[in-house]
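J.: Next one to model:
(one chain, ligands or ions: 1)
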Amino acid sequence: MSSTMSLHDRVALVTGAADGIGAAVARTLAAAGATVVVTDLGSQTAKAEAVLADIGARGGRAEFVALDVGDERHWQEAMAGIERRHGGLDVLVNNAGVVLVKPLEEISLDELRWISRTNIEGVFLGIRSALPLMKPRAARRDAGGSIVNFSSAMGIKGYPFGSLYSMTKGAIRLLSKSLALEFAQLGYNIRVNSVHPGLVDTTMVARETEKLSQLGVMGTRTPQEMRQAFERLNPLGRLGSTQEIANAVLFLASDLSTFVNGAEMTVDGGETAQ
Ligand SMILES: NC(=O)c1ccc[n+]([C@@H]2O[C@H](COP(=O)([O-])OP(=O)(O)OC[C@H]3O[C@@H](n4cnc5c(N)ncnc54)[C@H](O)[C@@H]3O)[C@@H](O)[C@H]2O)c1
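T.: Numbers count the residues shown, from 1 in each chain. Have a look, this model is predicted:
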């Protein structure tokens with residue numbers, strides 16, 4: 001078994017990769033030598049182009065494919081294109097996600113369907129669509145394929161006002177473990193793991209910090225106070241960076257983790273250890 005982080009000769013697809021953690025993952029996998037298929041909603045094309053430019057400037061290889069993870073047809077088209085251009089897929093990172101912060105009594109059934117569409121259906125469709133391209137390559141390579149699904153610290157612990165988000169992320173935690181076992185039993189040589197970030201400095205968190213402070217959560221009144229309260233709650237006293245999460249994904253995608261399967265990798269400064 002190899003002992004390198006290199007992703008040379010690998011093709012990796014990252015969802016929701018125009019912004020936030022996904023963009024850092026795309027840059028990091030490309031820096032390790034992978035050809036990266038950067039995917040995100042069509043409305044995020046300008047941001048995705050900036051990620052491609054960044055990767056290109058560092059000598060990496062990447063392309064953009066518009067892909068709404070909740071749309072099965074998008075997945076089929078994306079996979080047909082990847083098969084034509086690259087002949088297969090080695091790494092799938094299901095990063096795209098949306099968040100909902102609200103008291104349960106104000107949540108509508110439509111909102112439950114909305115969050116499930118991206119956070120649950122998107123991951124299911126991604127894995128099912130990618131398998132036909134991943135299986136032949138994984139069978140030919142000792143190190144096999146790797147699927148990394150984004151859960152959250154909130155997929156392990158409950159948090160007030162985050163019930164539906166926690167529900168979707170908890171689902172991804174056990175989907176990952178079950179598929180890790182299923183694919184092992186079927187002899188696919190494709191590992192499945194979940195990543196559980198704590199709070200990370202992204203647009204998602206900036207937006208939600210504002211809403212939580214409006215709800216007066218933990219006695220806070222402003223987004224700044226809310227952010228400081230979150231920092232105090234974390235054992236390391238801070239939020240994480242997108243790069244710190246991307247480093248964990250690189251490990252799970254690479255040959256350094258060939259015996260890591262069905263694991264829930266917390267990258268949260270110790271938040272869930274409390
Ligand atoms: N930021 C955090 O603190 C944090 C903590 C734990 C887990 N996470 C998880 O990490 C992942 C990335 O979060 P982030 O903070 O970078 O979010 P973000 O909002 O900054 O970026 C998410 C990206 O996903 C894209 N996206 C949304 N819906 C999509 C869809 N239907 N199809 C394709 N792309 C879609 C968005 O356009 C955006 O580019 C998510 O799954 C999130 O739940 C984030």
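
J.: Show me which positions of the helix or strand where Ala48 lies end up buried.
T.: Assigned by DSSP states H and E, Ala48 belongs to helix 45-57. Neighbour counts over helix 45-57 (16 or more other CB atoms under 10 Å) mark 47-48, 51-52, 55 as buried. C-beta here means a position set from N, CA and C on the backbone, and glycine is covered the same way.

J.: dump the residue contacts of Tyr159.
T.: Ser166 (CB atoms under 8 Å, 6 or more residues apart in numbering).

J.: switch the cut-off to 10 Å
T.: 101, 152-153, 165-166, 212, 217 (CB atoms under 10 Å, 6 or more residues apart in numbering).

J.: pLDDT at the residue nearest to the spatial centre of the chain, what is it?
T.: Nearest to the mean C-alpha position of the chain, by CA atoms, centre = their mean, lies Asn95 at 2.2 Å. Note on Asn95: pLDDT of 98.

J.: these two touch, right, it and Ala12?
T.: No - with contacts counted by CB atoms under 10 Å, Asn95 stays clear of Ala12, the gap being 11.2 Å.

J.: who in the stretch 101-250 of the chain is up against the ligand?
T.: Within reach of the ligand by CB under 6 Å from any ligand atom, the stretch 101-250 of the chain has these residues: 118, 122, 150, 152, 197, 199-200, 202-205.

J.: Show me the residues you listed that map onto strands.
T.: 150, 197 (DSSP state E).

J.: between the residues of the stretch 101-250 of the chain next to the ligand, which has the most around it?
T.: Counting neighbours by other CB atoms under 10 Å, the top entry in those is Ser152, with 29 neighbours.

J.: out of everything not next to it in sequence, what's closest to that one?
T.: Lys169 (4.3 Å; CB to CB, 6 or more residues apart in numbering).

J.: I'd like to check what contacts the helix or strand where Phe230 lies. Which residues are they?
T.: Taking DSSP H and E as the criterion, Phe230 maps to helix 223-233. Helix 223-233 has contacts (CB under 10 Å, 6+ apart) with 198-199, 201, 205-220, 222, 237-239, 269, 271, 274.

J.: Quick one: residues contacting Leu29.
T.: 7, 10-14, 17, 35-36, 38, 55, 60, 62, 91, 93, 246, 249-250, 253-254.

J.: May I have the phi/psi pair for the residue lying closest to it once chain neighbours are set aside?
T.: Counting by CB to CB, 6+ apart, Ala12 is the residue found nearest to Leu29 once chain neighbours are left out, at 4.8 Å. Dihedral angles of Ala12 (phi, psi; degrees, to the nearest 10) stand at phi -130, psi 140.

J.: Next: Val37.
T.: Dihedral angles (degrees, to the nearest 10) for Val37: phi -90, psi 100.

J.: Repeat that for Val98.
T.: phi -130, psi 160.

J.: and it, how far is that from Thr168?
T.: 9 Å (CB to CB, to the nearest Å).

J.: now swap in Arg191 and tell me
T.: Arg191 is 22 Å from Thr168, by CB to CB.

J.: again with Ala130
T.: 20 Å.

J.: can you give me the helices in the stretch 51-200 of the chain?
T.: For the stretch 51-200 of the chain, the helices defined by DSSP state H, counting those that start in this stretch cover 72-86, 109-116, 122-140, 163-185.

J.: Kindly reformat those helices as CSV containing distance to Ala66 and mean pLDDT.
T.: Listed next are the helices of the stretch 51-200 of the chain as CSV, based on distance: least, CB to CB, whole Å; pLDDT from 0 to 100:
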stretch, distance to Ala66, mean pLDDT
helix 72-86, 7, 98
helix 109-116, 20, 98
helix 122-140, 14, 98
helix 163-185, 23, 98
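
J.: Give me the buried subset of the contacts of Tyr159.
T.: Buried among the contacts of Tyr159 (16+ other CB under 10 Å): 101, 152-153, 165-166, 212, 217.
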